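Visitor: The amino acid sequence is not available; the structure is as follows:
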Ligand SMILES: Nc1ncnc2c1ncn2[C@@H]1O[C@H](COP(=O)(O)OP(=O)(O)OP(=O)(O)O)[C@@H](O)[C@H]1O
């Protein structure tokens, strides 16, 4: 067991089945809010006077227990304290308050290059890293080839790591971490650095670890990754644990915190969108996740405040996160409603969606109401998910924008 308290005592013991391997209680960590080193005695004195007011708490009273065999995701907005918590749990930072107990061998893959000596070669760093993890030299000799194979570094293993790219760093770090037979694997968001093929390989190895009943703690902003890999997820905000529970609920809380959940609407003088929802056509229950190929009903309630002088056009579009341009439209691109059918009052409209485009992950569904090509009102539902395999797009139902041209889809597999 590794115990970190103000002064940090270390005593290794082998973990037992089902026990708590990570036990953090009341952990707080503060930093000075200035980062520049003082260059003169005077500056140091001035800073000392300021220092009490200039500290901020990156972690505040954090409790976290992780059991053997659990895969726990750590998520939260930028600067919420995720990396700091991993560093405290890995023993790299000492908490100012609280206690941390960690049982078993911990392999942590934290910020890029942490744990590597730039002047040493990859080979020398493998031995150094393994030694720091308590692996005897003969065992590292035995593992060495597998580590280099996994890292795909080939001859670069004998170059000083200061010449490595960020992807090479991550590959070597991950290769060491997964070969030293840790009880606990702690991974920061470094996986996002490697290329897609290497990420897949790392995820496959993480799944292997899960099958072996190992304990994994990792930081991710990727909702899909948290939901598919984790048994539990913890949401941090301003250094505090805001939620600790099932991954899906944690992601919902995160989306809420980031303001990307629910329905956002823009009202115009002419119209107001009162309700906008996607529901299961047979049960009427709201849908959050769409299986590719499944049907859904999009419904909206619009209050017309002033009768339009020209016909109104309704447009439904699908956006990927952070992409302002729609990646798919529900066709016909505009559903046109004659002005006479939209007198002042409340109206309900709905559309059937036969198949969703194959774009796994999160997306938003937007609705725009235009009159004379002017946007009159809009609504957006964020945090929806599409999952499933390949999809056939049915002409006249969904079409995909492919750059400038709109691809009119014939029934064919798009994947
Ligand atoms: N060594 C340090 N000295 C001073 N402040 C620090 C230090 N390390 C982290 N911080 C600050 O502590 C806060 C929490 O940082 P941390 O890196 O843990 O957040 P995070 O949730 O991992 O963020 P991100 O998602 O952006 O990686 C931030 O405000 C950060 O600027």
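Guide: Perfect, I can see it now. Owing to the predicted nature of the structure, the values given are computational and were not obtained by experimental measurement.
Visitor: Residue 108 is in contact with residue 187, correct?
Guide: Yes. The criterion here is Cβ atoms under 8 Å, and residue 187 meets it with residue 108 at 7.4 Å. Bear in mind the C-beta positions are built from the backbone N, C-alpha and C, glycine included.
Visitor: what is in contact with the two at once?
Guide: residue 177 (Cβ atoms under 8 Å, 6 or more residues apart in numbering).
Visitor: which parts of the protein sit against the ligand?
Guide: 31, 35, 58, 76, 78, 79, 80, 81, 82, 83, 84 (Cβ under 6 Å from any ligand atom).
Visitor: pLDDT value on the second one, please?
Guide: So the one you mean is residue 35. pLDDT recorded at residue 35 is 50.
Visitor: before we move on, what about the last one?
Guide: Residue-level confidence at residue 84 comes out at 92, pLDDT.
Visitor: Tell me how far it lies from residue 27.
Guide: For residue 84, the distance to residue 27 (Cβ to Cβ, to the nearest Å) stands at 10 Å.
Visitor: list residues touching both of the two?
Guide: Common contacts of residue 84 and residue 27, defined by Cβ under 8 Å, 6+ apart, comprise residue 59.
Visitor: So which of those two has more stuff around it?
Guide: The residue with more neighbours, out of residue 84 and residue 27, is residue 27; 25 against 22, by other Cβ atoms under 10 Å.
Visitor: partner residues bridging that one?
Guide: residue 62 (DSSP bridges).
Visitor: thinking it is in contact with residue 65, fair?
Guide: No. Under the criterion of Cβ under 8 Å, residue 27 makes no contact with residue 65, lying 11.7 Å away.
Visitor: And the buried ones among the residues of the chain next to the ligand, selectable in PyMOL?
Guide: Buried members of the residues of the chain next to the ligand, defined by 16 or more other Cβ atoms under 10 Å, are picked up in PyMOL with:
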select buried, resi 58+76+80+81+82+83+84
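Visitor: Now the two most distant members of the residues of the chain next to the ligand.
Guide: Pairwise distances across those peak at 21.4 Å for 35 and 76 (criterion: Cβ to Cβ).
Visitor: so who does residue 123 touch?
Guide: 144, 157, 158.
Visitor: What about these, which one has the most neighbours?
Guide: Highest neighbour count within the contacts of residue 123: residue 157, with 20 neighbours (other Cβ under 10 Å).
Visitor: List phi and psi for that residue.
Guide: Main-chain torsions, residue 157, degrees, to the nearest 10: phi -60, psi -20.
Visitor: Can you tell me the closest non-neighbouring residue to it?
Guide: Residue nearest to residue 157 in three dimensions, not counting chain neighbours: residue 122, with 4.1 Å by Cβ to Cβ, 6 or more residues apart in numbering.
Visitor: Likewise for residue 110?
Guide: Distances taken as Cβ to Cβ, 6+ apart put residue 188 closest to residue 110, at 4.7 Å, once the chain neighbours are dropped.
Visitor: which parts of the helix or strand hosting residue 370 are buried?
Guide: Using DSSP states H and E, residue 370 sits in strand 361-371. By neighbour count with 16+ other Cβ under 10 Å, strand 361-371 contains the buried residues 362, 363, 364, 365, 366, 367, 368, 369, 370, 371.
Visitor: Closest one of these to the ligand?
Guide: residue 362 (17.5 Å; Cβ to the nearest ligand atom).
Visitor: residues in contact with residue 339?
Guide: With contact taken as Cβ under 8 Å, 6+ apart, residue 339 is in contact with 307, 308, 309, 310, 311, 312.
Visitor: Three-state assignment for the residue lying farthest from the centre of the chain, please.
Guide: Within the chain, residue 340 marks the point farthest from the mean C-alpha position, 47.1 Å out by Cα atoms, centre = their mean. Three-state call for residue 340 (DSSP: H, G, I helix; E, B strand; the rest coil): helix.
Visitor: For it, give me its contacts.
Guide: Going by Cβ under 8 Å, 6+ apart, the list of residues near residue 340 is empty.
Visitor: all helices in this protein, in order from the N-terminus.
Guide: Under the criterion DSSP state H, the chain carries helices at the ranges 41-51, 82-89, 122-132, 137-151, 166-179, 196-211, 223-229, 247-257.
Visitor: low-confidence ranges in the stretch 101-250 of the chain?
Guide: 111-114, 190-194 (pLDDT under 70).
Visitor: cutoff 50 now
Guide: Judged against pLDDT under 50, the stretch 101-250 of the chain has no low-scoring part.
Visitor: I'd like the residues of the chain next to the ligand laid out as a markdown table, including distance to residue 349.
Guide: Below are those laid out as a markdown table (distance: Cβ to Cβ, whole Å):
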| residue | distance to residue 349 |
| --- | --- |
| 31 | 53 |
| 35 | 54 |
| 58 | 49 |
| 76 | 38 |
| 78 | 39 |
| 79 | 42 |
| 80 | 40 |
| 81 | 45 |
| 82 | 43 |
| 83 | 47 |
| 84 | 49 |
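Visitor: Filter the residues of the chain next to the ligand down to just the ones in strands.
Guide: Among the residues of the chain next to the ligand, DSSP state E puts 31, 58 in strands.
Visitor: Now the terminal residues of stretch 210-224, how far apart.
Guide: 17 Å (Cα to Cα, to the nearest Å).
Visitor: so which of the contacts of residue 123 comes closest to the ligand?
Guide: Using Cβ to the nearest ligand atom, the contacts of residue 123 come closest to the ligand at residue 157, 29.0 Å.
Visitor: Tell me the pLDDT of residue 365.
Guide: pLDDT, residue 365: 81.
Visitor: residues contacting it?
Guide: Counted by Cβ under 8 Å, 6+ apart, residue 365 has contacts 278, 298, 316, 317, 318, 319, 380, 381, 384.
Visitor: how close does the first one sit to the ligand?
Guide: Per Cβ to the nearest ligand atom, to the nearest Å, residue 278 is found 30 Å from the ligand.
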